[in-house]
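> need a structure here:
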Amino acid sequence: MIRHLGLKAYGKVNLGLDVLRKREDGYHEVRMIMQTVGLYDKIDIYLKETPGIEVVTNLYYLPVNENNLVYKAARLLMEEFHIIHGIRIHLNKFIPVSAGMAGGSSDAATVLFGVNKMFQLGLTREELMERGVKIGADVPYCLMRGTALSEGIGEILTPLPDMPQCQVLIAKPGVSVSTKFVYEHLDLPVLRKEDHPDIDGMIEAIGNRNIYQVSERLGNVLETVTIPEYPVIEQIKDKMKELGAVNALMSGSGPTVFGIFTSPRAAERAYEELRYGEARSLAKQVYLTNFYNTREVTNEQ
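Numbers count the residues shown, from 1 in each chain. Model (predicted):
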């Protein structure tokens, strides 16, 4: 057994997010292009001789019991494999919370990976993904990472070619959005054709490795619900484009906005403006990062 693991749980953005229909079971059928970004939470897992799961976080308002997805992920494997040792999980959050970046799902995925490795359970990534969907629809993708087409409720995944590298500016306004609220208020019958993103066109653009073609196809049907509730999201998008972003989009159900920059200098200036300049009132958290491509990183979870 391994006594300590230090891991990174990477966030994601949606380059394209479409909702096709509401299913009879209450879930929504989606078609999304998922992309991992370089912003990550740090997770340390320590072996304990005494049984039980302990969770410690750097954010006072996060639960440290079974209401935290990292706790659920650890318990899922430890109960299935009757592990008698305990673990202590130190979760240091950097990915914005309740922000449409799958931070909680990524943390859970990373703990599944870590418990499997620490106790040498021998599960493949695919077997971890099968278990991960029990915790949340985004967890299997967060185990896969990279660029992927996500279908069904998010659990049907098809890897896509790596995105071309660029600068990605991430800004979260000082509001939190309920994913449940957004989906409940999504009125699919009244949406126009142009409200739905061109997912097939996005896949083609990714295959062409053309960042400009990808950027012009950015689209998120959930913006039709979230932006009217929180106009600051549109203001951040407009500000990023004014500051040189090729395009900008809300990720997931929001409220986080990401902008794609092909000029490092423009990206840095935009970061400084949103973080420290006159536009700093728009966003509470601002990060400058890039895309995380799985084939560029081979030796870490």
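
> what is the mean pLDDT for stretch 289-298?
Mean pLDDT, stretch 289-298: 72.

> show the average pLDDT along stretch 101-115.
So the average pLDDT for stretch 101-115 ends up being 97.

> stretch 218-238 too?
Stretch 218-238 comes out at a mean pLDDT of 97.

> keeping just the C-alphas, turn it into CSV.
Listed next in CSV are the C-alpha coordinates belonging to stretch 218-238 (Å, rounded to 0.1, in the frame of the first residue of the first chain):
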residue,chain,number,x,y,z
LEU,A,218,-18.7,28.2,-29.2
GLY,A,219,-22.2,27.9,-27.9
ASN,A,220,-24.2,27.0,-24.8
VAL,A,221,-28.0,26.5,-24.8
LEU,A,222,-28.1,27.1,-21.0
GLU,A,223,-27.1,30.7,-21.5
THR,A,224,-30.8,31.3,-22.5
VAL,A,225,-31.7,30.7,-18.9
THR,A,226,-28.7,31.8,-16.8
ILE,A,227,-27.8,35.1,-18.6
PRO,A,228,-31.3,36.7,-18.1
GLU,A,229,-31.0,35.8,-14.4
TYR,A,230,-27.4,37.1,-14.1
PRO,A,231,-26.7,39.7,-16.8
VAL,A,232,-23.1,40.1,-15.4
ILE,A,233,-22.3,36.9,-17.3
GLU,A,234,-22.9,38.7,-20.6
GLN,A,235,-21.0,41.7,-19.4
ILE,A,236,-17.9,39.5,-18.7
LYS,A,237,-18.2,37.9,-22.1
ASP,A,238,-18.4,41.3,-23.8
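
> contacts for that stretch, please.
14-19, 171, 173, 175, 177, 182-183, 185-186, 191, 195-198, 202, 247-255, 257, 259-260, 274, 282-283 (CB atoms under 8 Å, 6 or more residues apart in numbering). Every residue, glycine included, has its C-beta placed from N, CA and C.

> with stretch 126-143 instead?
Residues contacting stretch 126-143 (CB under 8 Å, 6+ apart): 9-10, 12, 27, 34, 69, 72-73, 76-77, 80, 102, 104-106, 108-110, 112-113, 116, 123, 125, 144, 148, 150, 153-155, 157.

> pull out the buried positions in that stretch.
By neighbour count with 16 or more other CB atoms under 10 Å, stretch 126-143 contains the buried residues 128-129, 131-133, 135-143.

> farthest-separated two in these?
Greatest spacing in those, by CB to CB: L128 and A137 (14.9 Å).

> still on that earlier bit, any of the contacts of stretch 218-238 buried? List them.
14-19, 171, 173, 177, 182-183, 186, 196-198, 202, 247-255, 257, 259-260, 274, 282-283.

> ok so, going back, make CSV from the buried residues of stretch 126-143 and add pLDDT, distance to K93 and secondary structure to it.
Converted to CSV, the buried residues of stretch 126-143 look like this (pLDDT from 0 to 100; distance: CB to CB, whole Å; DSSP: H, G, I helix; E, B strand; the rest coil):
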residue, pLDDT, distance to K93, secondary structure
L128, 97, 22, helix
M129, 96, 23, helix
R131, 96, 23, helix
G132, 96, 20, helix
V133, 93, 23, coil
I135, 95, 17, coil
G136, 91, 17, coil
A137, 89, 21, coil
D138, 92, 16, coil
V139, 95, 17, helix
P140, 95, 22, helix
Y141, 96, 19, helix
C142, 96, 15, helix
L143, 96, 19, helix
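
> okay, and the closest residue to S176 other than its chain neighbours sits in which element?
Excluding the flanking residues, the one nearest S176 by CB to CB, 6 or more residues apart in numbering is S98, at 4.0 Å. Using DSSP states H and E, S98 sits within no helix or strand.

> neighbours of S98, how many?
Using other CB atoms under 10 Å, S98 is surrounded by 18 other residues.

> what pLDDT does the model give it?
The predicted local confidence for S98 is 85.

> list the contacts for it?
Per CB under 8 Å, 6+ apart, neighbours of S98: S176, V177, S178.

> what's the single longest helix in the chain?
Identified as the longest helix of the chain according to DSSP state H is helix 103-118.

> show me what that helix is packed up against.
In terms of contacts (3 or more CB pairs under 8 Å, 6 or more residues apart in numbering; DSSP states H and E), helix 103-118 is packed against strand 4-22, strand 28-48, helix 69-80, strand 86-92, helix 125-132, helix 139-144.
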